[in-house]
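Trainee: Provided below for reference: sequence and predicted model.
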Amino acid sequence: MLKEIKTCSNCILDEKINGVIIGDDGICNYCKKHKPFTPHGESKLLKIFKKAQNKKRHYDALVPLSGGKDSTYVLYLAVKKYKLNVLTYTYDNGFMSDFAKKNIEATQNKLGVDHIWVKHDPNLIKELYRTALLHSGEICGICGVGIERSMLKVSEAWKIPLILLGHTPTEANSFTSENIYDQNRIKAIFAQSNNINKQMLKRFLVYLNLDFINTYFYTKTGRFGKKIHILYYIDIPSEKEIGNILKNEMDWSGPEGSEYTRHFDCIAEPFTNYIRDKRFGSSRRIPQLSNLIRYNEISRDEAIRISEDDAKKNLPENYEKVMSILNLTDDDIENIGNIPANVFSDKRSTSNIIFTKVRSLLKKTEH
Ligand SMILES: [Zn+2]
């Protein structure tokens, strides 16, 4: 007899997902260890802002803008609430939705802020995405590194003391076990393609040998802006309320019929979830929806309805479009689906591994 797969009775995680354990009470380990979020405190944030303003630089803060809800809300807070002098910037990954582009223009006009676009040669970035996907089964990490590196470069060029990021507590636990941001791992993946030369690598990585330790010291010494997750410091309204604030005060608009995806700014997001589902048997959607249940953003029934709708779709949104941009065949997708988890993890940089260990030990002693 087949063993029945248990699903948590509080969220929608099931035992098929790596690391999920459901107890006799029907509740999963993630729900059990979940604590309501306690912000670090606004006074700490104000101190950080004051210090940055006292430096009297061209801009107090850099706000990377994706056109999505969280980064636009951060911009709203920085300019309207905290009266910071900001520079905004966007990394166009080649998959930006029209929604996102329109939002960026609308908010920029509304607030009268300066904005910079960073966009790589489309052929270069396509080759990088394609190679990463075919050999590692993953492309989000490449985009993540592109954003990170260009963000540091802009902060360095304008000597901007702070970088304000829109990561929120509800986004944690996406079950990415792969160290997709390690530059040595990325270089090893790119080495699989004969079409990628060192010059292309340099253009993409900006800093060819930047590891976590360098980044840490360059930030400490002020060469790079200090990253602040502003939404971890203050009480934040629900996702719906944030949407309303942005619509009313920022001329921002979300997609029709909210699907509760935070990443409608990227048209490749459903495709990447589809690939994740093929590789690991679970996409990021289920953990994300489960998180929203725990933070009372949506009900369990609503999450079930959304994930059932997802399952009904044969192919994700924009599938054909992404396939054609990256020049992929059905066979490629089949092969990508068979790439095991944590491939290339033996290529990780030793210094990054040590740095991550030391940092987690220090964090433990702090609390
Ligand atoms: Zn649960």
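Mentor: On my side now, so go ahead.

Trainee: Distance of the closest residue to the ion within the stretch 251-367 of the chain relative to K313?
Mentor: Each residue of the stretch 251-367 of the chain has a distance to the ion, by C-beta to the ion, and the smallest belongs to S290, at 5.9 Å. Every residue, glycine included, has its C-beta placed from N, CA and C. The gap separating S290 from K313 is 20 Å, by C-beta to C-beta, to the nearest Å.

Trainee: Next, count neighbours for N195.
Mentor: N195 has 12 neighbouring residues, counting by other C-beta atoms under 10 Å.

Trainee: how about the nearest residue to it, chain neighbours excluded?
Mentor: Distances taken as C-beta to C-beta, 6 or more residues apart in numbering put E127 closest to N195, at 5.4 Å, once the chain neighbours are dropped.

Trainee: how many other residues sit next to N123?
Mentor: Count around N123 with other C-beta under 10 Å applied: 10.

Trainee: scratch that, I147 is what I was asking about
Mentor: 17.

Trainee: One more: the one 10 residues further on?
Mentor: Other residues near A157 number 11, with proximity taken as other C-beta under 10 Å.

Trainee: List the backbone torsions phi and psi for it.
Mentor: Backbone torsions for A157, taken as degrees, to the nearest 10, come to phi -60, psi -40.

Trainee: what do you get for K227?
Mentor: Torsion angles, degrees, to the nearest 10, at K227: phi -80, psi 130.

Trainee: Surely it is in contact with T219?
Mentor: Yes: using C-beta atoms under 8 Å, K227 is in contact with T219, at 7.5 Å.

Trainee: mind listing what the residue most central in space within the chain touches?
Mentor: The residue lying closest to the centre of the chain (C-alpha atoms, centre = their mean) is G144, at 6.8 Å. With contact taken as C-beta atoms under 8 Å, 6 or more residues apart in numbering, G144 is in contact with 180-181.

Trainee: where does it land in three-state SS?
Mentor: With DSSP: H, G, I helix; E, B strand; the rest coil as the basis, G144 sits in helix.

Trainee: and if you look at L87?
Mentor: Under three-state DSSP, the three-state class of L87 is strand.

Trainee: need the contact list for the closest residue to it other than its chain neighbours.
Mentor: Among residues not flanking L87 along the chain, Y59 sits closest, at 4.3 Å (C-beta to C-beta, 6+ apart). For Y59, the contact set (C-beta under 8 Å, 6+ apart) comprises 85-87, 114, 158, 160.

Trainee: what residues go with each domain of the chain?
Mentor: Recorded structural domains for the chain (assignment: automatic domain parsing) are 1-34, 37-367.

Trainee: now, of these, which is deepest in the fold?
Mentor: domain 37-367 (a mean of 17; mean count of other C-beta atoms under 10 Å).

Trainee: now it: how far from the chain's centre is it?
Mentor: Centroid separation for domain 37-367 versus its chain: 3 Å, with C-alpha atoms, centre = their mean, to the nearest Å.

Trainee: try stretch 23-33
Mentor: Going by C-alpha atoms, centre = their mean, where stretch 23-33 is centred and where its chain is centred differ by 27 Å.
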